[in-house]
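**Q** sequence first, then the predicted structure, then my questions.
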Amino acid sequence: MRSFNIKKPNEVLRASIREKIDNLNKPKGSLGMLETLAEQICMVQQTLTPKLNHPCHILYGGDHGIEREKVSVSPRDVTWQQMKNFTRGGGGVNMFCRQHGFKLLIVDVGVDYDLSDNPDILNRKIACGTRNFLYEAAMSEEEFDKAISIGAEIAERCKDEGCNIICTGEMGIANTSPSSIWMHIFGNIPLDDCIGVGAGLNEEGLRHKREVLTKAVDNFKKQWKADNGEWTIENWKQVIRYFGGFEMVAAIGTMLRAAELGMLVMVDGFIISACMLAASRLYPTLLYHAIFGHCGDESGHRRMLELMNARPLLHLGMRLGEGTGALCSYPIIESAVKMVNEMNNFDNAKITKYF
């Protein structure tokens, strides 16, 4: 895996940013999370006058070997069918990208279907889905590295077009399963507390999903301990590789490279939050760039966000994925930037500062 140089923002400017926000003509702290968000954006961009330029949304598609164990109510055919639907502008992600002015890039990194004849889908296919992690690693070291590199490449492409705020989404049937396992291992949380209904499993389906994922984790830990001894942070990459989907690892690559390039990284629901959790275990400074858009209804999502000390901007009960929750939060991010740039201060407004 390539290395990334993600620096903590220089603290020298923080006092000036805080002073500017506190001197806007409002009671101190009265705009709540908008003030916190504005400070974060100013710090990442290292400026008192932040800007949001050419926002891009990257939607990665990939299938999962674990889907063969019937851990999802939806069949894998839905992955490629939805990918095609996105090219026709018919998905929720299309609507929100149009509404909020995002450029949408649709990228096939591992869909189990030939989409190469569709010019509106970027073909970066690594394989036709991952292997079944109930029995073996989902991807090889080479495939893992390729997925990271693809994600980094797409981030660079957006940066070259002038983008300074990026968002990732995913399309991959059964990808709540690896997300739950990542949450369990990275957060040291009981696995049952991390597993939810996904796209709509019934009670029996949820019981089966728990059995399959418990066995998969047990099998992994037996193999891993036999080779490596006790758990250490140096082996987080192996956890990501063993369970992750190509679309999830590509999203991690995008997050890491975008942060390295000084961009803001918007975070969506349960699956993309799991990607951010995994990526931040490798590079904790990534979290300085992360803006958490939405807390969804998938079981354990709020607890996952707490592992990163994240405060989501929205809680709308959404669980669609595709990046839709993050996209819906974008107007709030815009409001934070407009606040710090366009609100008058006490001196200019000739208002007595009363604190």
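**A** Right, received. Where do you want to start? Just so you know, these numbers come straight off a predicted model, no measurement behind them.

**Q** and stretch 68-80, how far apart are its ends?
**A** Terminal residues of stretch 68-80 lie 16 Å apart, using CA to CA, to the nearest Å.

**Q** distance from it to the middle of the chain?
**A** In terms of CA atoms, centre = their mean, to the nearest Å, the gap separating the centre of stretch 68-80 from the centre of its chain is 21 Å.

**Q** helices or strands up against the lengthiest helix in the chain?
**A** Longest helix in the chain, counting residues (DSSP state H): helix 203-228. In terms of contacts (3 or more CB pairs under 8 Å, 6 or more residues apart in numbering; DSSP states H and E), helix 203-228 is packed against helix 176-187, helix 236-243. Every residue, glycine included, has its C-beta placed from N, CA and C.

**Q** want to try TSV for those, with mean pLDDT, mean neighbour count and distance to residue 223 as columns?
**A** Formatted as TSV, the helices and strands packed on helix 203-228 follow (pLDDT from 0 to 100; neighbours: other CB atoms under 10 Å; distance: least, CB to CB, whole Å):
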stretch	mean pLDDT	mean neighbour count	distance to residue 223
helix 176-187	95	26	14
helix 236-243	94	22	9
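
**Q** to residue 81, which of those lies closest?
**A** Of all the helices and strands packed on helix 203-228, helix 176-187 sits nearest to residue 81, with 18.6 Å by CB to CB.

**Q** can you state the direction angle for the closest one and helix 203-228?
**A** 50 degrees (axes from the mean of the first three to the mean of the last three CA atoms, to 10 degrees).

**Q** got the contact list for helix 176-187?
**A** Contact partners of helix 176-187, identified using CB atoms under 8 Å, 6 or more residues apart in numbering, comprise 64, 66, 71-72, 133, 138, 189-191, 194-196, 198-199, 209, 212-213, 216-217, 236, 239-240, 243-245, 248, 270-271, 273-275, 277-278, 281, 298, 300, 303-304, 307.

**Q** any low-confidence regions in the protein?
**A** Applying pLDDT under 70 to the chain flags residues 198-199, 224-234, 298-299, 346, 349-350, 352, 354-355.

**Q** quick check, residue 155 in contact with residue 262.
**A** No. Between residue 155 and residue 262 there is no contact under CB atoms under 8 Å: 11.1 Å.

**Q** what residue lies at the spatial centre of the protein?
**A** residue 272 (3.1 Å; CA atoms, centre = their mean).

**Q** which residues touch that one?
**A** Applying CB under 8 Å, 6+ apart, we find residue 272 in contact with 168, 169, 170, 251, 321, 323, 326.

**Q** who wins for neighbours among those?
**A** Neighbour counts for the contacts of residue 272, by other CB atoms under 10 Å, peak at residue 251, which reaches 35 neighbours.

**Q** quick one: the strands in this structure, in order.
**A** With DSSP state E as the criterion, the chain has strands at 56-62, 103-110, 121-123, 165-171, 264-267, 290-292.

**Q** compare these and give me the one nearest residue 42.
**A** strand 264-267 (11.1 Å).

**Q** other residues contacting that closest one?
**A** By CB under 8 Å, 6+ apart, the residues outside strand 264-267 that reach it are 41, 44-45, 52, 164-168, 255, 258-259, 273, 276, 286, 289-293, 310, 323, 326-327, 329-330, 333.

**Q** ok, now stretch 38-53?
**A** By CB under 8 Å, 6+ apart, stretch 38-53 touches 9-10, 13-14, 16-18, 20-21, 162-165, 262-264, 288-289, 291, 333-334, 336-337, 339-341.

**Q** make a markdown table from the helices and strands packed on helix 203-228 and add distance to residue 77 to it.
**A** Shown next, in a markdown table, are the helices and strands packed on helix 203-228 (distance: least, CB to CB, whole Å):
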| stretch | distance to residue 77 |
| --- | --- |
| helix 176-187 | 18 |
| helix 236-243 | 22 |
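
**Q** residue 308 and residue 322, how far apart?
**A** 21 Å (CB to CB, to the nearest Å).

**Q** out of the two, name the residue with the larger neighbour count.
**A** The residue with more neighbours, out of residue 308 and residue 322, is residue 322; 25 against 20, by other CB under 10 Å.

**Q** what's around the closest residue to residue 68 other than its chain neighbours, how many residues?
**A** Leaving out its chain neighbours, the residue that sits closest to residue 68 by CB to CB, 6 or more residues apart in numbering is residue 132, at 5.7 Å. If you count neighbours by other CB under 10 Å, residue 132 ends up with 17.
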